[in-house]
Structure formats: C-alpha cells, structure tokens
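In: I'll drop the sequence and a predicted model, then ask my questions.
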Amino acid sequence: MAAQEQTVVELQAQLISPEAFEPFGQLIGPTHDGKEFDQEDAQLVLDKGTPRFYIMRLPKRGLCFSRITYHASVTQCLGGLNPGQPWYMVVAAPSGSVAAYPQQQQLVAFKVPHGVFLRMKEGTWHAGPLFDGAEQMDFYNLELSDTNVVDHNTHDYASANGVTYRVLEC
C-alpha cells in the first residue's frame, strides 16, 4: 500500500495575551504573597482524580505537529522552565468529540514567553509544547495522575487527513 502524500500547512503564531487565550483557558503570572484567591488565580478542575504535578522534560521536536489532543476531565496547566526560551502551543476550542476534531481555520498558534503559564479549559484541543533551538526543555505540568491513560483523546492529521502543520514563529 502506498503512503499517503503529506501536505504541510503553515500556521502563523501570535504572541499570547490573556484576551487572545481566553477562549481556551487562562494565563497565570506572578502575584504578591498573601493575595486573596480570586479570578486571576488558576481556576482549576482537578476533582475527578488524583492531581499530578511534575516536571516534564521534552526533547527538541521542532515546530511541526500532526497530532492534536484534548483532555475532557481536567484543566491542564503547563509552563516552560527554561529562562529566555519561548515555546509554542497550538490550541482549538473544545468540541467534546474526537470525531469533531479541529479544522485548520479553528487552530490558533501562540508563542509563550518564559514566565507565562497556561491553564487550559477542560476539553481544549492542544498540540505542544513545541520549541526549536534548545535540545530539550523542561515544563511544569499539572493534570490528573491518569490523564494520559484514561483521558487522552487524539486526532492524527497525518494518517487521517494527510496533513502536517508547521508553526511559523512570530
């Protein structure tokens, strides 16, 4: 059987901002010690299992992706730990179904600078973290202990659609 011809589709990244990321989640930044909890703090949903906070080390994979995933039961949080090293995240609004995977026009690519942390809404489709330049990067990751076992819903654009996406830096 012949391999499916692949098309590379470019997505222009934009610098992340609270307003631009709001449909997909929340940006978390530093606050003063002793501040009362409010809407600026991470609005977490971790009540469907045991929370897992860990440092995730990823090897360099470049700025291309062909798989996109969502987690229906948790608000996943991610943040880069390498000073001076930006990274990229591609997201799309929740659809509630792998069959209703995001189309190209629904994908939004963001450049995330060091010191900015993401809280993704339950069900937010995401590809990344993506980065180029460093051989590896460390990320904090807050999700449930079994997220990648029981709540890992993925669409593979390469095998299903013959498409690989490339994020263009901003």
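Out: Received, thanks.

In: all contacts plus neighbour counts: C-alpha atoms, from now on.
Out: Fine.

In: the residue most central in space within the chain: what secondary structure?
Out: Centroid-nearest residue in the chain: His126, 4.1 Å away (criterion: C-alpha atoms, centre = their mean). Recorded secondary structure, His126: strand (DSSP: H, G, I helix; E, B strand; the rest coil).

In: which residue packs closest to it, ignoring adjacent ones?
Out: Excluding the flanking residues, the one nearest His126 by C-alpha to C-alpha, 6 or more residues apart in numbering is Val91, at 4.4 Å.

In: helices of this protein, start to end?
Out: 18-21, 147-150, 157-161 (DSSP state H).

In: in CSV: these, plus mean neighbour count and mean pLDDT.
Out: Formatted as CSV, these follow (neighbours: other C-alpha atoms under 10 Å; pLDDT from 0 to 100):
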stretch, mean neighbour count, mean pLDDT
helix 18-21, 14, 98
helix 147-150, 13, 88
helix 157-161, 15, 97
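
In: quick one: which of those helices is nearest Met120?
Out: Proximity of the helices of the chain to Met120 was assessed by C-alpha to C-alpha; the nearest stretch is helix 18-21, lying at 9.0 Å.
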